[in-house]
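Sequence first, then the predicted structure:
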Amino acid sequence: MILIVGLGNPGGKYRDTRHNVGSEIIDELNLLNLRNVVLAKPRTFMNESGKAVKELLKKHRLESDDLVVIHDDIDIPLGKIRIVKNRGAAGHKGVESIIKEINSQNFIRLRIGIKPEKGKPKNPENFVLQNFNKKEEKILEEVIKKTVQAVEVFLKEGLERAMNEFNK
């Protein structure tokens, strides 16, 4: 069994923000008929994600290498995704929380780019809590579709195949 967690913040106030991309992708994955997969959106705030993930792993008797985390990434341009395994948090507070709580970084991450064309903003903490503009929303729709495809390829054909196909 695989646990796929989409990171975000709870509540309507944050629903369409950049930081909730992971949660949005879980909503799309919920429309599929995935076997041997648990989909989850922690109801904790981003910086507390690790507590929820630790409980989910325990509840389903899974290990860190059964975990896939989908999250926004301000270091990757909007429209791009990167699939990585066994890597540090690179400053992402939600991922830091998970690594700390489960005492491992040996899990898969789908890093969803949110960096604007102009480059990384001076105040990333505020930027990630803003909504996408109309132009960005169109790009986001496509990257969500691409991420769902990446998850399907990973589940059917393995991590290496998904990385080769989608890390471009």
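Yep, that arrived.

Moving C-terminal from the top helix by length along the chain, which element do we reach first?
Looking across the chain with DSSP state H, the single longest helix is helix 134-157. As assigned by DSSP states H and E, the chain's next helix or strand after helix 134-157 is helix 159-166.

which helices and strands does that next one pack with?
Other helices and strands packing on helix 159-166, by 3 or more C-beta pairs under 8 Å, 6 or more residues apart in numbering; DSSP states H and E, are strand 81-85, helix 134-157. C-beta here means a position set from N, CA and C on the backbone, and glycine is covered the same way.

Between strand 81-85 and that helix, find me the angle.
Counting by axes from the mean of the first three to the mean of the last three C-alpha atoms, to 10 degrees, helix 159-166 lies at 160 degrees to strand 81-85.

buried stuff in helix 159-166?
Ala162, Met163, Phe166 (16 or more other C-beta atoms under 10 Å).

Go ahead and flag the most central residue of this protein.
For the chain, the residue nearest the mean C-alpha position is Ile70 (1.5 Å; C-alpha atoms, centre = their mean).

what's next to the least confident helix or strand in the chain by mean pLDDT, contact-wise?
Across the helices and strands of the chain, mean confidence by mean pLDDT, DSSP states H and E is lowest for helix 124-127: a mean of 86. Helix 124-127 is contacted by residues Arg18, Ile74, Pro121 when judged by C-beta atoms under 8 Å, 6 or more residues apart in numbering.

Do I have it right that the first one meets Glu137?
When you say that, I think you mean Arg18. No: between Arg18 and Glu137 there is no contact, the gap being 11.1 Å when judged by C-beta atoms under 8 Å.

That'll do, ta.
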